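Q: Sequence unavailable; structure follows:
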Ligand SMILES: Cc1cc2nc3c(=O)[nH]c(=O)nc-3n(C[C@H](O)[C@H](O)[C@H](O)COP(=O)(O)OP(=O)(O)OC[C@H]3O[C@@H](n4cnc5c(N)ncnc54)[C@H](O)[C@@H]3O)c2cc1C
């Protein structure tokens, strides 16, 4: 089946009737529900774009000859990586980088897992075949995915096997002829109820011990599998117009707690079974983390372009360009953008073929960028807040502008240096949705934690860093000193 359109995606969700809960109620149809319909339409817009720009968004499937989404490509050359990045940036620019889990994010990881059949086959050849078949199934049917990596936040000082209730975190309760039965919970499925399937994998960062083997699992199942429930957080789409809530009314992806109420996962969908050793190595040794990081850094370049545009528009709108600290703050964001671009291009330039035959970006610049940006995004948001100042609160609604008595006043007193009141308020409402609203604050939390806890990630970065050359350099330098050690040394 060729790549999907937005209509195909929406029809798929209507038919699937995923078990989704929000605000204490079960959702009958996510495509019509006020908490989800706008983001569903945004995702549909991404799928439609595949046919608006097919030369940029699609490639020919190696197995069926159909045109399929380019984020599924197994890159064989550096040109393939660049084409994939350009496709990723098309989607990211459409959302201003505000949809962190657009389908390309997980598509790149499933591609890497699917290519690494031999890695999963270490435990049993069946798992290798399963993951390979799953990649092809997802690619050929343009399946939208959510994922859950982490255990519920109960007592982080204890491993899962030591928690007061062994069934808090999702684990195997039974293995039978048909598959494995899963009971418990996982966090935190962004796009949970509004995608076709869920991929359950271990965390990229939190390593497991053998006592946690019952929790050491990886599999994928349809989101309407019996016993699977998505418990969504309150919506940050308050049903206002896109003029008033430019981001919240379009891109609130929704995050869900996922409950597995004795869910049967058929054997053909199991990728890792009770094997913490394989879980701990999965992301790094399949290079899934590298391909995901390539998507993430490209998305964050688009996000920084967008937020820089907002900053520059604010500067023009209220005539603050002549102030030194204003230029300095805009420069900060410009340098973040240029640094992120450099990481991205270096990763592509130094790409090499991996053992699975995929052209794989250089991980070091991507790892640097994915560790650094979570610390930079809050700064970008702070700069928007600092430059926007009271303008972020002087944001009348559309109804105020339309009111006979006060409309004229609002229009007059919200005007900017070279922009009328209506346009200025629209711009500042966008800035507000980045730096003040619930949507905007979720983005800050999301960017901080999206790949894992930055503290543990930075420690992993330190541990993997090739440190010896630098210590050796200093050692050599010290040795060059023309003085001999005192006799007592
Ligand atoms: C908006 C948003 C969307 C998300 N979407 C997804 C998604 O789609 N799929 C998904 O799988 N996950 C998702 N996540 C979850 C994300 O992967 C986690 O937030 C991240 O891995 C950190 O884990 P945690 O939130 O459980 O924090 P915790 O591990 O509970 O950490 C809480 C605090 O305790 C400290 N801490 C805890 N344990 C340790 C330790 N062992 N060593 C040092 N410090 C420790 C941390 O530094 C942190 O400050 C999302 C998170 C957010 C905020």
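A: Yes, it's here. A quick note: this is a predicted structure, and the numbers were derived from the prediction, not measured.

Q: Which of the three states applies to the residue lying closest to residue 417 once chain neighbours are set aside?
A: In space, and not counting its chain neighbours, residue 417 is closest to residue 319: 3.5 Å by Cβ to Cβ, 6 or more residues apart in numbering. Glycine gets a C-beta too; all of them are placed from N, C-alpha and C. Assigned with DSSP: H, G, I helix; E, B strand; the rest coil, residue 319 falls in the coil class.

Q: List the contacts of residue 319.
A: For residue 319, the contact set (Cβ atoms under 8 Å, 6 or more residues apart in numbering) comprises 416-418.

Q: For residue 413, give its distance to residue 403.
A: Using Cβ to Cβ, to the nearest Å, we find residue 413 at a distance of 14 Å from residue 403.

Q: same question, residue 345
A: 51 Å.

Q: What of residue 89?
A: Taken as Cβ to Cβ, the span from residue 89 to residue 403 is 41 Å.

Q: So if I had to pick from those two, which one is more boxed in?
A: Using other Cβ atoms under 10 Å as the criterion, residue 89 and residue 403 rank with residue 89 on top: 20 against 14.

Q: surely the more buried one meets residue 303?
A: No. Residue 89 lies out of contact with residue 303 (Cβ atoms under 8 Å); the separation is 10.5 Å.

Q: Can you tell me the element the residue nearest to residue 181 when sequence neighbours are not counted falls in?
A: Excluding its sequence neighbours, the residue lying closest to residue 181 (Cβ to Cβ, 6+ apart) is residue 174, at 4.1 Å. Secondary structure assigned from DSSP states H and E places residue 174 in strand 171-175.

Q: contacts for that strand?
A: Contacts of strand 171-175 (Cβ under 8 Å, 6+ apart): 160, 167, 180-184, 214-215, 217, 262, 273-274.

Q: Put the buried members of the residues you listed into a PyMOL selection.
A: Per 16 or more other Cβ atoms under 10 Å, the buried members of the contacts of strand 171-175 correspond to this PyMOL selection:
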select buried, resi 160+180+181+182+183+184+214+215+217+273+274
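
Q: Can you list which of the contacts of strand 171-175 are found in strands?
A: The strands, defined by DSSP state E, take in 180-184, 217, 262, 273 from the contacts of strand 171-175.

Q: picking up where we left off before, any idea which of the contacts of residue 319 the model trusts least?
A: Lowest in pLDDT among the contacts of residue 319 is residue 418, which has 94.

Q: ok, it - contacts?
A: Residues near residue 418 by Cβ under 8 Å, 6+ apart: 316-317, 319.

Q: Identify the spatial nearest neighbour of residue 44, chain neighbours not counted.
A: Residue 44 sits nearest to residue 6 (Cβ to Cβ, 6+ apart), 2.8 Å away.

Q: where's the one you found relative to residue 35, distance?
A: 19 Å.

Q: next one: residue 86
A: 33 Å.
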